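J.: Got a predicted structure plus its sequence, pasted below:
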Amino acid sequence: MKLLSPLLFSLFVLLACDSQNNNNTNPAAVSDSNKFQHSILSFGTIIDVTVIGVDASQAQQAFTILEEDFKYWHRVWNPWLKGPLSRVNSLIPTKAAFNLPLHLIPLIEQSQGYYQQSEGLFNPAIGQLINLWRFHEHKQAHKQPPDEQQIQALISARPTMQQLHLQNIQLQSENENVLLNFGAFAKGYAIERSIKTLQNLGIENAVINAGGDLKVLGQHHDRAWRIGIRHPRDKSAMLASVQASDHESVFTSGDYERYFIFNDKRYNHILDPRTGYPADLSQSVTVIHADAGRADAAATALFVAGPEHWHRIAKKMGIKFVLLVAANGEVHMNPAMAKRIQLNLPDAASVKISDTL
């Protein structure tokens, strides 16, 4: 889950000499050959927007619109703020039908599809379980796992996205334990909508990088956007790099973003809906897909699936490019990803290439 909590960057856009991040709201101050950059604080991270091939007024217009959009989404999709989603969560336990805000309908509908395709590994209905683990709180030191009985009680309740019934604008559920948290999807969905906004403004070359998860539009001057993928066990090193083509999204889920150590065991924030405990079969998963929302959801589902089952889940979710680092450090990827990625690994590293997706 990645919504509204501090994140470390898991990916970096490699723009040759352009390594600076600038919070200046004046786009002219950070331009270089008609390239403008702007940073927005939302979804618990820094969202860097870069546009190329436009003038200063066009860039400023885009930045203003996106800043307003991200601030709005931050508020209305946040399960911990008093707002539309928290109201929905308070009404679900009544088991009665109620009117749903229009902006939540596509999140629920798409999440239901991803839930089914992922065999339930992507499940935004486990909000109670997420609250129990409290990874959304800023301080992770001196934490310990929740009480086993509390975890098992929530697992036994079996909240799923399929228990939400949407008819027109009315929502109803027979399971009072369903609590929605779109942390593994909302950021990708927001990026997807933001890219469409840039296109509607006539912008043809851009990248939106939200805490390392990103989507590109067009290219970076005369070349493709090149993306670096962080090493899951060395924050100063890159595991690999890959070129992102027009309209491609690159998303990573990793166990290093939020975690704590208890009795020498690492507990990360990505929960396995089947067990109620953090998924521990993977260190990180990177996926590439045209749709940022699908990429976001798939990265989480494949992380939970781990090295034995990721291939089946990726196929069901329509993901064609996957890079997975297993808990033991083995690198897994499909042939299409292997052809386009540049790994930064020692020669002795174990790399396994799967069957074609």
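T.: Yes, it's here.
J.: what sits against the residue nearest to N175 when sequence neighbours are not counted?
T.: Leaving aside its sequence neighbours, N175 sits nearest to Q163 (Cβ to Cβ, 6 or more residues apart in numbering; 4.3 Å). Quick note: C-beta positions are derived from backbone N, CA and C, even for glycine. Shown in contact with Q163 (Cβ atoms under 8 Å, 6 or more residues apart in numbering): 125, 173-175, 178.
J.: Pick out whichever of those sits closest to D255.
T.: Minimum separation from D255 among the contacts of Q163 (Cβ to Cβ) is found for A125, which lies at 22.3 Å.
J.: Let me know whether the closest one touches L164 as I believe.
T.: Yes. In this structure, A125 is within contact of L164 by Cβ atoms under 8 Å, at 7.2 Å.
J.: Against which helices or strands is the helix or strand that contains A305 packed?
T.: Using DSSP states H and E, the element containing A305 is helix 292-317. If contacts are counted by 3 or more Cβ pairs under 8 Å, 6 or more residues apart in numbering; DSSP states H and E, helix 292-317 sits against helix 105-117, helix 186-200, strand 213-217, strand 249-254, strand 282-289, strand 321-326.
J.: how about stretch 180-200: buried residues?
T.: By neighbour count on 16 or more other Cβ atoms under 10 Å, the buried set for stretch 180-200 is 180-195, 198.
J.: averaged over its residues, what pLDDT does that stretch have?
T.: The pLDDT scores in stretch 180-200 average 97.
J.: Enumerate residues external to the strand ranked longest in the chain that contact any of its residues.
T.: Secondary structure of the chain per DSSP state E: the longest strand is strand 234-244. Here strand 234-244 makes contact (Cβ under 8 Å, 6+ apart) with 8, 12, 14, 214, 216, 224-232, 250, 256, 284, 286, 288, 323, 325, 337, 340-345.
J.: That strand pairs with which strands?
T.: strand 225-231 (antiparallel), strand 341-343 (antiparallel) (DSSP bridges).
J.: Could you single out the most deeply buried of these?
T.: Of all the strands paired with strand 234-244, strand 225-231 has the most neighbours on average by mean count of other Cβ atoms under 10 Å, namely a mean of 23.
J.: Stretch 213-227: which residues count as buried?
T.: So, applying 16+ other Cβ under 10 Å, buried residues of stretch 213-227: 213-220, 225-227.
J.: Columns pLDDT and distance to I46 on top of the residues you listed, output as CSV?
T.: What follows is these, written out as CSV (pLDDT from 0 to 100; distance: Cβ to Cβ, whole Å):
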residue, pLDDT, distance to I46
D213, 96, 12
L214, 98, 12
K215, 98, 16
V216, 98, 17
L217, 98, 19
G218, 97, 22
Q219, 93, 23
H220, 91, 19
W225, 95, 18
R226, 95, 20
I227, 96, 17
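J.: Tell me the one of those nearest V76?
T.: D213 (19.9 Å).
J.: now that closest one: how far from P273?
T.: As judged by Cβ to Cβ, to the nearest Å, D213 and P273 stand 21 Å apart.
J.: One more: T160?
T.: 8 Å.
J.: Same question for L281.
T.: Counting by Cβ to Cβ, the gap from L281 to P273 is 14 Å.
J.: So for these two, which residue has more residues nearby?
T.: When L281 and P273 are compared for neighbours, P273 comes out ahead with 23 against 18, by other Cβ atoms under 10 Å.
J.: residue contacts, the more buried one?
T.: P273 neighbours (Cβ under 8 Å, 6+ apart): 120-121, 123, 126, 129, 304.
J.: Go again with 7 Å.
T.: By Cβ atoms under 7 Å, 6 or more residues apart in numbering, P273 lies in contact with 120-121, 123, 126.
J.: Tell me the one among these nearest to P93.
T.: When these are ranked by distance to P93 (Cβ to Cβ), I126 comes first, at 14.9 Å.
J.: pLDDT score assigned to the residue lying closest to the closest one once chain neighbours are set aside?
T.: Spatial nearest neighbour of I126, chain neighbours left out: P273 (5.2 Å); criterion: Cβ to Cβ, 6+ apart. Looking at P273, its pLDDT is 98.
J.: for P273, helix, strand, or coil?
T.: Under DSSP: H, G, I helix; E, B strand; the rest coil, the three-state class of P273 is coil.
J.: thinking again about what came up before, for the helix holding A305, what is the average pLDDT?
T.: Mean predicted confidence for helix 292-317 is 98.
J.: list the contacts for the closest residue to A299 other than its chain neighbours?
T.: Closest residue in space to A299, ignoring its immediate chain neighbours: S253 at 4.0 Å, by Cβ to Cβ, 6+ apart. By Cβ under 7 Å, 6+ apart, the contact list for S253 reads 270, 284-285, 299-300, 303.
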